[in-house]
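[1] The amino acid sequence is not available; the structure is as follows:
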């Protein structure tokens, strides 16, 4: 990487300073037939390329690096930087006079000075812009790596959380109804197999996540029997959307743990989706009440909710939204909106 950067720097350094001289010589050849004039311009063009080539590298660049101006607020260093550019531009204009046919003419000196100043300003602007973009790119890569690591951490926290809840469901059936417990274990193994595959992905199709949720709710229906009623109202185009793995699963778990399971007569869970303006609106409507992040006073909860919020923020930023509220005194609505583009 460092070798490639050095090669790139020297390539642009050589081409950049040779280009003005080449343009000047081309114009002389095209519009001037005087061989002596052409020869004179040729000898003037050499120092006009060689001198700024070395000055930009050994003076301007070295000063910027040693003074650490690349990491300093540009507003603070601007007067110093401008002063340095003007100084080396004046030095260049005086040096060029040594190769002029009519040296130390005020108009010629002024023209050489302005030309050198413009070229050094352009060189400095490109140099600072390159390092700014490179630094910004490194920061973005670092931030993306940290976000990815944190996102994986959040996902890894969900699997044990889910397994614990699912095993509790199966345990409740072992003594009550061994035959149902066997069916539940089979369903659990299928769910775990799917979740392990999906957990390796940043996002998965909505339908894949929904199928896992359906299997999970079938497992819970064995435990709750008639106390759990589930309905679906899914937009057929929902499969065009990608969602974080186990997000819907976590929200449904949360709805059962803090809603349905706390009601003597059980309750109802309704999962629905609506698509509008390329945004997937996912709603989980469940029996229960929501109190400031806790479904039932006196019980801890909300882990899945905070996890979901953080994952949505990391993946979609401000393009996604999460909201949970009481529809009335009997039902809670959990709503997630996800954009089609990631």
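    Okay, I see it. None of the values given here were measured: they were computed from a predicted structure.

[2] Can you classify residue 120 by secondary structure?
    helix (DSSP: H, G, I helix; E, B strand; the rest coil).

[3] where are the low-confidence patches of the stretch 1-150 of the chain?
    Along the stretch 1-150 of the chain, the parts satisfying pLDDT under 70 run over 1-2, 28, 31-42, 138-150.

[4] repeat that for 80
    Under the criterion pLDDT under 80, the flagged ranges of the stretch 1-150 of the chain are 1-5, 20-21, 23-46, 100-103, 134-150.

[5] Look up phi and psi at residue 116.
    Here is the backbone geometry of residue 116 (degrees, to the nearest 10): phi -60, psi -40.

[6] wait, it sits on residue 92?
    Yes. Contact criterion C-beta atoms under 8 Å: residue 116 and residue 92 qualify, at 4.1 Å. C-beta here means a position set from N, CA and C on the backbone, and glycine is covered the same way.

[7] Looking only at neighbour counts, state which of these two leads.
    More neighbours surround residue 116 than the other of residue 116 and residue 92, with 24 against 21 (other C-beta atoms under 10 Å).

[8] List the contacts of the more buried one.
    52, 88, 89, 92, 93, 96 (C-beta atoms under 8 Å, 6 or more residues apart in numbering).

[9] Pull up the overlap in contacts between residue 116 and residue 92.
    In contact with both residue 116 and residue 92: residue 52, using C-beta under 8 Å, 6+ apart.

[10] among the contacts of residue 116, who's most crowded?
    residue 52 (26 neighbours).

[11] Can you give me the distance of that residue to residue 104?
    Using C-beta to C-beta, to the nearest Å, residue 52 is found at 20 Å from residue 104.

[12] ok, which stretches of the chain are helices?
    Using DSSP state H, the helices of the chain run over 2-31, 35-55, 62-66, 74-96, 106-176, 178-198, 206-224, 247-258, 303-316.

[13] Buried ones in the third one, by neighbour count?
    Of the residues in helix 62-66, residue 64 count as buried by neighbour count, 16 or more other C-beta atoms under 10 Å.

[14] Now do that helix: distance to the chain's middle.
    32 Å (C-alpha atoms, centre = their mean, to the nearest Å).

[15] Could you do the last one as well?
    Mean C-alpha position of helix 303-316 versus that of the full chain (C-alpha atoms, centre = their mean) differs by 15 Å.

[16] in the sheet, who's paired with residue 286?
    Counting by DSSP bridges, residue 286 is bridged to residue 269, residue 332.

[17] residues contacting it?
    Here residue 286 is in contact with 255, 256, 259, 260, 267, 268, 269, 270, 331, 332, 334 (C-beta under 8 Å, 6+ apart).

[18] Looking at the residues you listed, which is nearest residue 72?
    Residue 72 lies nearest to residue 334 out of these, by C-beta to C-beta, at 48.6 Å.

[19] For that closest one, give its distance to residue 322.
    Residue 334 is 8 Å from residue 322, by C-beta to C-beta.

[20] Tell me which of the two has more neighbours.
    Set residue 334 next to residue 322 and count neighbours by other C-beta under 10 Å: residue 334 wins out with 24 against 20.

[21] Can you give me the distance of that one to residue 224?
    Counting by C-beta to C-beta - residue 334 and residue 224 are separated by 19 Å.

[22] And for residue 6?
    For residue 6, the distance to residue 224 - C-beta to C-beta - is 68 Å.

[23] Same check on residue 280?
    28 Å.

[24] Check residue 324 too.
    22 Å.

[25] same check, this time on residue 242
    For residue 242 relative to residue 224 (C-beta to C-beta), the value is 31 Å.

[26] Equivalent analysis for residue 314, please.
    For residue 314, the distance to residue 224 - C-beta to C-beta - is 34 Å.

[27] same check, this time on residue 127
    Residue 127 is 68 Å from residue 224, by C-beta to C-beta.

[28] Over to residue 315?
    32 Å.
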